[in-house]
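Participant: Got a predicted structure plus its sequence, pasted below:
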Amino acid sequence: MGARAFLFMAAVTAIVITPFRAAPSRLEAQAAAPAAISGVVSSQEEGKMEGVLVTARREGANFTVSVVSDGTGRYSFPVSHVEPGKYAITIRATGYDLTDSSPVEVAAGTSATRDLKLQKTKDLLSQLTSVDLVNSMTGTADQKDRLVYTALSCAYCHTFQRIVKSKHTAEEWIPVIKRMQSYYPDGTASSDDGRGRGQKELAYGGSLGNPEGPKEERKPTPGAPWGRFQGNELGEYLATINMSGGKTALPYELKALPRVSGKGTRVIITQWDMPRRDTVSHDSDVDSKGNFWYTDESRQFVGRLDPKTNTITEFPLPPVRPDSLSGARDIVLDKNDIPWFPVRIDGGGSLVSKFDPATKKLTMVDGAYGQFVGLGGDGNIWTGTNIFYRVNTKTMKVDATWDWRKSPNIPANGRVACYQIAADSKGNPWCTGYFGSYIITVDAKTGEAKFFPTPTKDAMPRRNRMDAQDHYWFAEYTADKVGMFDTRAEKFQEWPLPIKYTTPYSSSIPDKDGRVYASSNMTERLSRVDTKTGDVVEYLMPGNFDSKKITVDPSTSRPTIWMSNTRAARIIRVEPLD
């Protein structure tokens, strides 16, 4: 086996944003210092309001900064995050609109004051998250469970608002569902503000094409299962919760979760717009200097944000044929800050590749096929799902493979499938057994496979990370929990999240205070779990939110969390203030 090398002399895109970042170690001091913009949020109905997200965007900038009003209704933007200029102010508070949307002018060396008055909204439906809508809908608990706890639910690509606002009858839902299933889900996302993309790439006969390639109509299958529904059951249920049949209003009362409070208001959230508004970025990682790297599931490039200079640079990857699916997938930084990621090749496969930022050279490893990558303590790279491939990073060749499906001790129920891969300090691969709810590993020396069932049955463990103590952290999608498997002691721990239908997709490793973070596209919140006490803090994001991978910044003294916002083609930095 060999490697293929490609050399790129220049970046495709470089966008420089005026610096505004300060070291997170100074955040507490900043909170006590004079603010650049501050004020009180109130309404006639509630008086001073806690838990209102206030977002500022400087004129001409492509980033936003968000803070949250505290128990006295006060919000404050620190001077470190807001420089002089004219700022548009927006809010997120379900059930309310901002009455005065005029800009705020911040002059050098001064503080601007703007009290924000809110009024009851006339369009509550458009402000609700998917979990709000599920909580509002009619239907049995079983129907709601089957709608939400599905591997590729409607919320994988967009919010449930599209469902409830539609007018499709039960019969009209069937071709719509078929069409939705024909899209390539990992390369499809759509937000309310027009970012992301609904990519029309047909999945027919197990193969994936792209928009420029040939189209083939998906053949109807009588009685086919749609997620956890059978036959026409899904269409029949959706027609009961939308605007079909001449309805002038939804047949149920709209309900919303309470706003965040307490520690949930102690946070600063920054979002950078990715240069391409149609980017669908699932995967990202942060190097030792704090640079944020990301890939696009539907385009051939890899991107980097330097938060010290606030420059976003994109590097091109080898093109594929028009009839092949394009994009780069999971990404991990090695000990030398070199990014590794699978790159799509002609025919739809993905080869693990190394990209040298200094030389712009991309090297593909022949035979190293997979969606996910993991870095072992021995410095080698792992990839694969049903077959694990180990890439020797010195020779750039696959030096070992294991097909764990041939193990004599594979669980008798047969419901075992491998999802994201990670590796421990000894160089052994681990993955979440998506179906069947197992944690799977192979001993790299003996080839012995082991299967550990999660304590919660049918928890559907998804995206994961391995920490330095060989604790394997993962999100339990259908259990609404965060899980951890101590790979050395071979013991599990689970932490429940407080909101049903959170469907956490990804878990981080612990920050320096022992807190892990989990993402939810249903609640549009980031959950912070204290692994010592079990306490959970919820941070509401400023807009449509979906993240598939979460990284704790290794370069900062205070916890700083980074993610790609898959739905909105943005980079998110979350800085807790406590």
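Facilitator: Received the coordinates, thanks. Numbers count the residues shown, from 1 in each chain.
Participant: In the stretch 301-450 of the chain, where is pLDDT below threshold?
Facilitator: Applying pLDDT under 70 to the stretch 301-450 of the chain flags residues 414.
Participant: where along it do the strands fall?
Facilitator: 301-306, 311-316, 332-333, 339-344, 350-356, 361-369, 373-375, 381-384, 387-392, 397-403, 418-423, 429-433, 438-442, 449-453 (DSSP state E, counting those that start in this stretch).
Participant: Let me know the average pLDDT across stretch 119-131.
Facilitator: Mean pLDDT, stretch 119-131: 98.
Participant: Could you do stretch 141-157 as well?
Facilitator: The average pLDDT within stretch 141-157 is 94.
Participant: how long is that stretch from one end to the other?
Facilitator: End-to-end span of stretch 141-157 (Cα to Cα, to the nearest Å): 23 Å.
Participant: ditto for stretch 499-515
Facilitator: 18 Å.
Participant: Need the strands of the stretch 301-450 of the chain in a markdown table (columns: distance to residue 61 and mean neighbour count).
Facilitator: Backbone N, C-alpha and C define where each C-beta goes, glycine included. What follows is those, written out as a markdown table (distance: least, Cβ to Cβ, whole Å; neighbours: other Cβ atoms under 10 Å):
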| stretch | distance to residue 61 | mean neighbour count |
| --- | --- | --- |
| strand 301-306 | 14 | 22 |
| strand 311-316 | 13 | 20 |
| strand 332-333 | 28 | 21 |
| strand 339-344 | 27 | 26 |
| strand 350-356 | 29 | 22 |
| strand 361-369 | 32 | 19 |
| strand 373-375 | 33 | 25 |
| strand 381-384 | 37 | 27 |
| strand 387-392 | 40 | 22 |
| strand 397-403 | 45 | 16 |
| strand 418-423 | 34 | 24 |
| strand 429-433 | 39 | 27 |
| strand 438-442 | 44 | 23 |
| strand 449-453 | 48 | 17 |
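Participant: which stretch among those comes nearest residue 108?
Facilitator: strand 311-316 (23.5 Å; Cβ to Cβ).
Participant: ok, back up a step: can I get the strands of the stretch 301-450 of the chain in a markdown table with distance to residue 499?
Facilitator: Below are the strands of the stretch 301-450 of the chain laid out as a markdown table (distance: least, Cβ to Cβ, whole Å):
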| stretch | distance to residue 499 |
| --- | --- |
| strand 301-306 | 30 |
| strand 311-316 | 33 |
| strand 332-333 | 30 |
| strand 339-344 | 33 |
| strand 350-356 | 34 |
| strand 361-369 | 38 |
| strand 373-375 | 30 |
| strand 381-384 | 34 |
| strand 387-392 | 35 |
| strand 397-403 | 38 |
| strand 418-423 | 23 |
| strand 429-433 | 22 |
| strand 438-442 | 25 |
| strand 449-453 | 25 |
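Participant: Out of the ones you listed, which is closest to residue 266?
Facilitator: strand 301-306 (24.5 Å).
Participant: What is the closest one packed up against?
Facilitator: Counting contacts by 3 or more Cβ pairs under 8 Å, 6 or more residues apart in numbering; DSSP states H and E, strand 301-306 packs against strand 292-295, strand 311-316.
Participant: burial of residue 349, as a residue count?
Facilitator: Look at residue 349: counted by other Cβ atoms under 10 Å, it has 14 neighbours.
Participant: Hmm, I typed the wrong one, I wanted residue 469.
Facilitator: Neighbour tally, residue 469, other Cβ under 10 Å: 12.
Participant: hmm, back to that, format the helices and strands packed on strand 301-306 as a markdown table; extra columns: distance to residue 157.
Facilitator: What follows is the helices and strands packed on strand 301-306, written out as a markdown table (distance: least, Cβ to Cβ, whole Å):
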| stretch | distance to residue 157 |
| --- | --- |
| strand 292-295 | 18 |
| strand 311-316 | 23 |
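Participant: Tell me which of those lies nearest to residue 493.
Facilitator: Residue 493 lies closest, by Cβ to Cβ, to one member of the helices and strands packed on strand 301-306: strand 292-295, at 29.4 Å.
Participant: Residues contacting that closest one, please?
Facilitator: 274, 281-287, 301-305, 307, 327-331, 333, 339, 341, 562, 564, 571 (Cβ atoms under 8 Å, 6 or more residues apart in numbering).
Participant: need the helices for the stretch 201-350 of the chain, in chain order.
Facilitator: 233-238 (DSSP state H, counting those that start in this stretch).
Participant: Just the buried residues of stretch 42-49, please?
Facilitator: By neighbour count on 16 or more other Cβ atoms under 10 Å, the buried set for stretch 42-49 is 42, 43, 46, 49.
Participant: now swap in stretch 492-506 and tell me
Facilitator: For stretch 492-506, burial by neighbour count (16+ other Cβ under 10 Å) applies to 492, 495, 496, 497, 499, 500, 501, 502, 503, 504, 505, 506.
Participant: Which single one of those is nearest to residue 115?
Facilitator: Of the buried residues of stretch 492-506, the one sitting nearest to residue 115 (Cβ to Cβ) turns out to be residue 499, at 31.3 Å.
Participant: Identify the bridge partners of residue 286.
Facilitator: Under DSSP bridges, the beta-bridge partners of residue 286 are residue 292.
Participant: is it true that it touches residue 553?
Facilitator: Yes - using Cβ atoms under 8 Å, residue 286 is in contact with residue 553, at 5.4 Å.
Participant: one step back: for residue 182, find the nearest of the strands of the stretch 301-450 of the chain.
Facilitator: Comparing the strands of the stretch 301-450 of the chain under Cβ to Cβ, the one sitting nearest is strand 339-344, at 18.9 Å.
Participant: who does the closest one touch, helix- and strand-wise?
Facilitator: Strand 339-344 packs on strand 332-333, strand 350-356, strand 361-369, strand 373-375, going by 3+ Cβ pairs under 8 Å, 6+ apart.
Participant: can you put those in a markdown table and add distance to residue 530?
Facilitator: Supplementary listing: the helices and strands packed on strand 339-344 in a markdown table, determined by distance: least, Cβ to Cβ, whole Å:
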| stretch | distance to residue 530 |
| --- | --- |
| strand 332-333 | 27 |
| strand 350-356 | 36 |
| strand 361-369 | 38 |
| strand 373-375 | 26 |
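Participant: Among those, which comes closest to residue 259?
Facilitator: Closest among the helices and strands packed on strand 339-344, using Cβ to Cβ: strand 332-333, at 36.3 Å.
Participant: Residues touching that closest one, excluding its own?
Facilitator: 285, 286, 287, 288, 293, 339, 340, 341, 373, 374, 375, 381.
Participant: so where is the stretch 1-150 of the chain shaky, pLDDT-wise?
Facilitator: 1, 8-33.
Participant: Quick one: the helices in it, in order.
Facilitator: Ranges of helices within the stretch 1-150 of the chain are 27-32, 130-136, 141-148, based on DSSP H, counting those that start in this stretch.
Participant: Deepest-packed of these, please.
Facilitator: Counting by mean count of other Cβ atoms under 10 Å, helix 130-136 has the highest mean neighbour count of these, with a mean of 22.
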